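Q: Predicted coordinates and the sequence they were generated for:
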Amino acid sequence: MNGKEEKKPLIVVNFKTYPQALGKKGVSLARALASVKSKNFTIAVAPTLLTMKEITVLPIAVFAQHADPVRDGPHTGSVSVRELKKMKVKGVILNHSEQKIALPFLKQTIGLCRKEKLTTVVCASTLEEVKRIAPWKPDYIAYEPPELIGGEVSVTTAEPRIIGRAVKLMKHISPSTNVLCGAGVHTAEDVRTASQLGCQGVLVSHAIVNAKKPAEALRRILST
C-alpha cells in the first residue's frame, strides 16, 4: 500500500492501548474488524506492538502505532522500521500527539519507512506543523487537533476551515501526499464531511475500539 497508488480513501483504526485492545482481546478485535469488507474504503488497523505479529496474518492491513529512526544495532527499546517490514506491517503512524517525535528524527523516520516501502501516516496538530512536515512528502498527513482527540465533537465539525486549508497546503507543497483527518470522528457524516473537505480518509479510535460491537460500529461509519 503506497500513498501514490492508493485510490480508495483510507480508514485507520488506532487501537492505542485501550483495555479492549490488549492481548487476546486485541487479536479478537482485529479479527472482528477484518470481517468488515468495503468496496469504497481501504481499512487498516493499528494494534499494540505486542499483538502485531498475531494480527498481521489476518486479512486486513496492519499499521504500527510508532517507529524510531534506527537501523539494526544497539538501540534498546526502539521500534525498528526494518523489523516492522519483516513482520509484514504495511504502514506506520508517526508523530501522533500521544507519541510526538522531534522533527529532525521524524524526517529520518519517514526516510527509513520510504526505503522499506512502508506507508507513512504522519500526524500534525497544527497548520504550522503541516507546513514543516509537507516537504518530506509522507504518503499521508493526518490533521488531528489534540484537544478533540477522544471526544464527541469531530474535527470535521469543529475545524472544517482548517482542514480545507491543510488540503490546499498539501496540494501546493506536496501534491503526492494525501490528507487524512482525525479527532472525535465517530459517524458516517464525519467521514462524508472529511471527503467533501478534500480528505482521503480518516483516523478513528475510541468510537470503534470502545464500541460494544466494533465491527458494527465500523460498518456504520463506512455507510456513506
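A: That came through fine. Numbering: from 1, shown residues only.

Q: Now do the buried residues in stretch 99-113.
A: Across stretch 99-113, burial judged by 16 or more other Cβ atoms under 10 Å covers 101, 106, 107, 108, 109, 110, 112, 113. Where C-beta positions appear, they are placed from N, C-alpha and C, glycine not excepted.

Q: I misspoke; the intended subject was stretch 178-198.
A: Counting neighbours by 16+ other Cβ under 10 Å, one finds that the buried residues in stretch 178-198 are 178-187, 190-191, 193-195, 197-198.

Q: and it, what's its mean pLDDT?
A: Mean pLDDT, computed over stretch 178-198, is 87.

Q: what are the ranges of the strands in this protein?
A: In the chain, the strands defined using DSSP state E lie at 10-14, 42-46, 61-64, 91-94, 119-124, 140-143, 178-182, 201-204.

Q: So for residue 158, which of the ones you listed sits nearest?
A: Comparison of these against residue 158 by Cβ to Cβ identifies strand 178-182 as nearest, at 10.6 Å.

Q: any idea of the angle that closest one forms with strand 10-14?
A: 40 degrees (axes from the mean of the first three to the mean of the last three Cα atoms, to 10 degrees).

Q: shift numbering so it begins at 665
A: Sure, I'll start counting at 665 from here, so that last one is strand 842-846.

Q: Put the alpha carbons of strand 842-846 into PDB.
A: Extracted as PDB, the C-alpha positions of strand 842-846 are listed here (Å, rounded to 0.1, in the frame of the first residue of the first chain):
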ATOM      1  CA  ASN A 842      -2.900  12.600   0.700                       C
ATOM      2  CA  VAL A 843      -4.600  14.300   3.700                       C
ATOM      3  CA  LEU A 844      -6.500  12.500   6.400                       C
ATOM      4  CA  CYS A 845      -8.200  14.000   9.500                       C
ATOM      5  CA  GLY A 846      -8.900  12.600  12.900                       C
END
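
Q: what angle sits between it and strand 783-788?
A: If you take the same axes, to 10 degrees, strand 842-846 sits at 60 degrees to strand 783-788.

Q: Mind listing residues that contact strand 842-846?
A: Applying Cβ atoms under 8 Å, 6 or more residues apart in numbering, the set of residues contacting strand 842-846 from outside is 667, 670, 674, 676, 785, 787, 803-808, 813, 819-820, 827, 830-831, 834, 858, 861-869.

Q: Of all the helices and strands in this protein, which has the lowest average confidence?
A: Within the chain, no helix or strand scores below helix 819-822, which has a mean of 74 by mean pLDDT, DSSP states H and E.

Q: Report the separation between residue 835 and residue 788.
A: Relative to residue 788, residue 835 is positioned 15 Å away (Cβ to Cβ, to the nearest Å).

Q: Could you check which of these two is surrounded by more residues?
A: residue 788 (22 against 12; other Cβ atoms under 10 Å).
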